[in-house]
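Peer 1: Let me see the structure of the following:
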Amino acid sequence: MADKIATRQAYGQALVEIGKTNKNLVVMDADLSKSTMTYEFSKAYPERFFNMGIAEQNMYAAAAGLALSGKVVCASTFAMFAAGRAFEIIRNSIGYTKANVKICATHAGITVGEDGATHQTFEDVALMRTIPGMTVINPSDAVSAKKLLAQAIDMQGPSYIRLGRAAVPVCYDESDDIVIGKANILRDGSDAAIIASGIMVNEALIAAETLAACGISARVIDMHTIKPIDREAIIKAARETGKIVTAEEHSVIGGLGAAVAEVLACEYPVKMAMVGQKDTFGESGKPAELLEKYGMTAKDIVAAVKNL
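Peer 2: A predicted model of the protein is given here:
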């Protein structure tokens, strides 16, 4: 886990690789291609790349049209402007029509850092998972980002793929099986289960090491697919450990924690805590400092487990 690479960077690399064989793949961007990393695709396949300008609603409407004409479309901008500004278009033009559009949104969460509160989206997973038929994915590292993107492109229907700005440690080997809708157990444990997504998976692994030194055995589950969520993995963890802590770089309202709680409430209620952005906006600052201030670190996960 020594190497660090941003999931947005892995996304850009994967698009170029997939584009070699999938001639039906079209990529669109809202004038942020050097940030979202779709720029690499634009250089390799300029005839299949469209810079739609700072007009996110228009971009996703056009993406729906291309998809309904038979293309597979990956359309990118920052998560705030995808899930936020373009929500109605995504709901009605992509979700309602079941258009084969992959909404690949980068710069999600507090780790956007210096860009500040207006660009730090904590609501996108909550919004996207309410859309019928929308698959919602939040990869934890470069390896899972590439594998899950490839599967989403091969899968018919709309997907929302949440990607980050900051470089994060690589948790997986290239040989690991990572499948949409199936959670991955990265560390087994019997006293509690930490269910995490995105950048918080690495924090969960660090927390598990700290807890082990305190005599607490914690299972770490990468819930990279938030919809459809792996209900079986959640129920199994609840039965076998009796305690669940969720960890996400997203609001605790409507995100991974809420999705897990919905399963537990109906199937197997146990003690539970949520680590994530509380009911507040962010602010400008260094990503590491912001994660600490807003309670999204390994230390916060450890405290949540111990307090159950």
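Peer 1: tell me the helices in the stretch 101-250 of the chain, going along the chain?
Peer 2: 124-128, 142-154, 200-213, 231-241 (DSSP state H, counting those that start in this stretch).
Peer 1: Provide the contact partners of the second one at residue level.
Peer 2: When contacts are defined by Cβ atoms under 8 Å, 6 or more residues apart in numbering, helix 142-154 is touched by residues 3, 5-7, 9-11, 13-15, 17-18, 22, 25, 72, 74, 102, 104, 135, 137, 139, 159, 161, 163, 170-174, 176, 178-180, 222, 224-225. Where C-beta positions appear, they are placed from N, C-alpha and C, glycine not excepted.
Peer 1: Can you go through the residues you listed and name the buried ones?
Peer 2: Those of the contacts of helix 142-154 that meet the buried threshold are 5-7, 9-11, 13-15, 18, 25, 72, 74, 102, 104, 135, 137, 139, 159, 161, 163, 170-172, 178, 180, 222, 224-225, by 16 or more other Cβ atoms under 10 Å.
Peer 1: Tell me what angle the helix or strand harbouring residue 16 forms with helix 142-154.
Peer 2: Following DSSP states H and E, one finds residue 16 within helix 7-21. The directions of helix 7-21 and helix 142-154 differ by 50 degrees, with axes from the mean of the first three to the mean of the last three Cα atoms, to 10 degrees as the criterion.
Peer 1: could you give me the average pLDDT of helix 7-21?
Peer 2: The average pLDDT within helix 7-21 is 97.
Peer 1: so how far is that helix from its chain's centroid?
Peer 2: On the basis of Cα atoms, centre = their mean, to the nearest Å, helix 7-21 sits 17 Å off its chain's mean C-alpha point.
Peer 1: now swap in stretch 228-238 and tell me
Peer 2: Between the mean C-alpha point of stretch 228-238 and the mean C-alpha point of its chain there is a distance of 18 Å (Cα atoms, centre = their mean).
Peer 1: Next, the residues that contact it from outside, please.
Peer 2: Taking Cβ under 8 Å, 6+ apart as the criterion, the residues outside stretch 228-238 that touch it are 135, 181-183, 185, 193, 195, 219, 221, 223, 244, 259-260, 263-264, 267-268, 270.
Peer 1: re the thing from before, any idea which of the helices of the stretch 101-250 of the chain is most buried?
Peer 2: Looking across the helices of the stretch 101-250 of the chain with neighbours counted as mean count of other Cβ atoms under 10 Å, the highest average goes to helix 124-128: a mean of 25.
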